[in-house]
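> sequence and predicted structure below; questions after.
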Amino acid sequence: MASATEAKTPIADERQRVELAISGMTCASCAARIEKRLNKMGGVSAAVNFASEHAAVAFDPRQVKLEDLIGTVEAAGYGAALPEEASGEDPVRQYRNRLVLAVSFTLPLVVFAWISASRPPGWEWISLVLATPVVFVAGWPFHRAALANARHLAATMDTLISIGTLAAWTWSTVVLVGSISTNVYFDTAGAITSLILLGRFLESRARSRSGEAIKKLLELGAKEARLLRDGNEVLVPVERLMVGDRFVVRPGEKVATDGVVLSGSSAVDRSMLTGESVPVEVGPGDSIAGATLNTSGRLVVEATQVGASTALAQIARLVADAQAGKAPVQRLADRVSAVFVPIVIAISALSLLGWLFIAGEATTAAFATAVAVVVVACPCALGLATPTALMVGTGRGAQLGILIKGPEVLEQTRRVTTIVLDKTGTLTEGKMAVSALVPAEGVEEEELLCLAASAEDASEHPVALAIASYGRQRLGELSAVESFSARAGLGVEAVVEGHAVVVGRPSLLEDWAIALPEGLESEIRRLEAKGSSVVAVAADGKPIGVIAVSDRLKETSRQAVAELRGLGLTPVLITGDNETTARAVAEELGIERVLAGVLPKGKADEIARLQGAGEVVAMVGDGVNDAPALARADLGMSIGTGTDVAIEASDISLVAGDLRSAAAAIRLSRRTLTTIKGNLFWAFGYNIAAIPLAVAGLVNPIVAAAAMAFSSVFVVTNSLRLRRFSPDEARR
């Protein structure tokens, strides 16, 4: 993850992005082959996910067409289509049907081979009849894939399975037909096929569960909407809604799409998007997201986003993008998988020759050893180690309102040492309110408020909005502003009713050579000591008073800070407030390090300064002025109730406005990374131990097949444990 701002800033290009559903992949080396073929095309950047059976492709339409991408995948021996055009065949059902056939015929094979008392006359010929449909019908997908790969001078896991089962069947048939006095291995051919089909069946079922989170997200949306037409409610498919349409949401119904409440009030359950269990009260003017549940009152909503632009669709897209990426720890596994199968075939051949000519063993023993080597070696576990954990981890995060932008983010959460917290909207509710008016001697409160509120009315700063809103509440309509100028981080300058008005920090008044009297100075110190933000007001070159604005801390902020400390992070408060106000807030939250008086453009510089001191910095913010700092940080985390630009600049988006989600996001990311590393350790360790044992003749082919199948199932089921992650674990 680059720490420079430019590294995270999206670069405009003309490339198109598409997701392809890939069929026919059976192991990690399949995914590696397809990815390599696609990336060799000019103007193409592709990542193939074996676990999800999808490819995320970015391409230059001036150089490559979509048909070319699909043709390249098909030329490699696999199928490709847009997700909506994919066949939709259930791999779990296919493996189950083949498994039933294989087991039905393999059981008597094993009985004949291992229990001599049960053998009928001519049992070897019966074994041939039973083994043939197992190897060539139930196991046909392995041979078909092996042939397709052979045509392209490539080898995959299917090549190993095909070679192993065909070798056992062919050897046994030759022995039987030629009346050679040695053992037959029909039971081995059948058992290998059955065990590998069992492994594929369990693996497919587990993999389908690993992607359930994203599927459930996409299924959350409403299917129909009550469109308002001429005062009547008309039930229409949600796809027909357009921006600007007005629709009704009755109690107990899902909101059809993103919009703004026009009339009515209700409590809306947003848990499916944010993970928050408590419904949120909404009324006229409040934004509301599609797929959320209206629990009580009737609402009339105007659609503001439809289709792919809705919050739900964007969340699903973010999760899908994250799952399509590759964590740095996966790259070694990809390189190993790409060369693994040819190496295994070579080791198997050398084992056969070694046992025959060096050890002087019988042909039967040498053959069994060679087959065991071929069967026991499986790169599938390597290919599944990262993507399955990533799918489950990011999917679980989405259910909790935590959107992890990409797999590289996981590495950053492990390295972070310091977390910088923006005050307004992150630690506080972000809803400023006037808490005190202190007019100068000889000035009326109404005059102070009228001039200040009118001047601030054109500003979008939270403090300005609070003052303008308070002015309207007390005075009604505000005065017209003849001219207006905003000074970023300092305040505003305006002409109101012919008066030159300055509202902002005391330093802004100093720029105008306006000195505050001691009485107002002492009031400022008193109010700031209580944690209020204080602005000074001057008119026609004279101070006319000060206004205090307060923003309440969120109820969960103190607990969130404690949880972040518990993760070994040092919290730092950053704010544009002065030192006194900032210290008052920090003391209440238990934060020791404070960066006060930081202007918006200076936040990124403060992040850079901390990085220069050797700290790995995470930043949590929500506003437009936080975007550069979020991009500059090693790990940017945006509060999802904030602005789109802040969310775009961040690495992790917290859909809920609860800072505790930041701690939960870091814990989930770290646990996902730990699961990935555990999976890779098992996958590498299994092959490192299993292949030498097979070469030494200590593993027979049937045990080898069982071990290989178990390794893949273990990796997937280990990843599925992430589904049980709970953000409440650290709060108990």
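Nice, I can see it.

> pLDDT of the helix or strand where residue 450 lies, averaged?
For residue 450, the enclosing helix or strand under DSSP states H and E is helix 445-456. Averaged across helix 445-456, the pLDDT comes to 92.

> after it comes which helix or strand?
Remark: after helix 445-456, the chain's next helix or strand is helix 462-475, criterion DSSP H and E.

> tell me what that next one is packed against?
strand 433-439, helix 445-456, strand 533-539, strand 542-550 (3 or more Cβ pairs under 8 Å, 6 or more residues apart in numbering; DSSP states H and E). All C-beta spots, glycine's among them, are computed from the backbone N, C-alpha and C.

> what does the last one contact?
The list of residues contacting strand 542-550 from outside it, by Cβ atoms under 8 Å, 6 or more residues apart in numbering, reads 432-440, 443, 447-449, 451-452, 463, 466-467, 509, 514-517, 520, 523-524, 527, 530-538.

> I'd assumed residue 680 was in contact with residue 386.
Yes: if you go by Cβ atoms under 8 Å, residue 386 and residue 680 touch, sitting 7.2 Å apart.

> those two - which one has more neighbours?
The neighbour count for residue 386 versus residue 680, taken as other Cβ atoms under 10 Å, is higher for residue 386 (34 against 22).

> what about stretch 450-457, distance to the chain center?
44 Å (Cα atoms, centre = their mean, to the nearest Å).

> which SS class is residue 501?
Three-state secondary structure (criterion: DSSP: H, G, I helix; E, B strand; the rest coil) places residue 501 in strand.

> so who does the closest residue to it other than its chain neighbours touch?
Spatial nearest neighbour of residue 501, chain neighbours left out: residue 455 (4.5 Å); criterion: Cβ to Cβ, 6 or more residues apart in numbering. With contact set as Cβ under 8 Å, 6+ apart, residue 455 has these partners: 481, 484, 492, 493, 494, 496, 501, 503.

> ok, residue 52 to residue 386 distance?
12 Å (Cβ to Cβ, to the nearest Å).

> let me fix that: residue 472
For residue 472, the distance to residue 386 equals 56 Å [Cβ to Cβ].

> then residue 609?
To residue 386, residue 609 is 35 Å away according to Cβ to Cβ.

> can you check residue 23 too?
Applying Cβ to Cβ to residue 23 and residue 386 gives a distance of 21 Å.

> with adjacent residues omitted, what lies nearest to residue 567?
Closest to residue 567 by Cβ to Cβ, 6+ apart is residue 666, at 5.7 Å.

> and the helix or strand that contains the one you found, how far from the chain's centre?
Secondary structure assignment for residue 666, by DSSP H and E: helix 660-695. In terms of Cα atoms, centre = their mean, the centre of helix 660-695 is found 18 Å from the chain centre.

> also stretch 289-304?
27 Å.

> endpoints of stretch 33-44, how far apart?
For stretch 33-44, the first-to-last residue distance is 15 Å (Cα to Cα, to the nearest Å).

> mind checking the pLDDT average for it?
So the average pLDDT for stretch 33-44 ends up being 88.

> quick check: buried residues in that stretch?
Across stretch 33-44, burial judged by 16 or more other Cβ atoms under 10 Å covers 33, 34, 35, 37, 38, 41, 44.

> pLDDT averaged over stretch 666-683 - what is it?
88.

> picking that back up, next, give me the two most distant ones among the buried residues of stretch 33-44.
Farthest-apart pair in these is 33 and 44; separation 14.9 Å (Cβ to Cβ).

> if we can go back for a sec, number of nearby residues for the residue nearest to residue 567?
25.

> I'd say it and residue 414 touch.
No: counting by Cβ under 8 Å, residue 666 does not reach residue 414; the two are 9.0 Å apart.

> pLDDT score for residue 591?
At residue 591, pLDDT is 93.

> partner residues bridging the spatially closest residue to residue 245 that is not a sequence neighbour?
Here the nearest residue to residue 245 in space, its sequence neighbours aside, is residue 303; by Cβ to Cβ, 6+ apart that works out to 4.8 Å. Note on residue 303: beta-bridge partners by DSSP bridges are residue 259.

> understood, closing this out.
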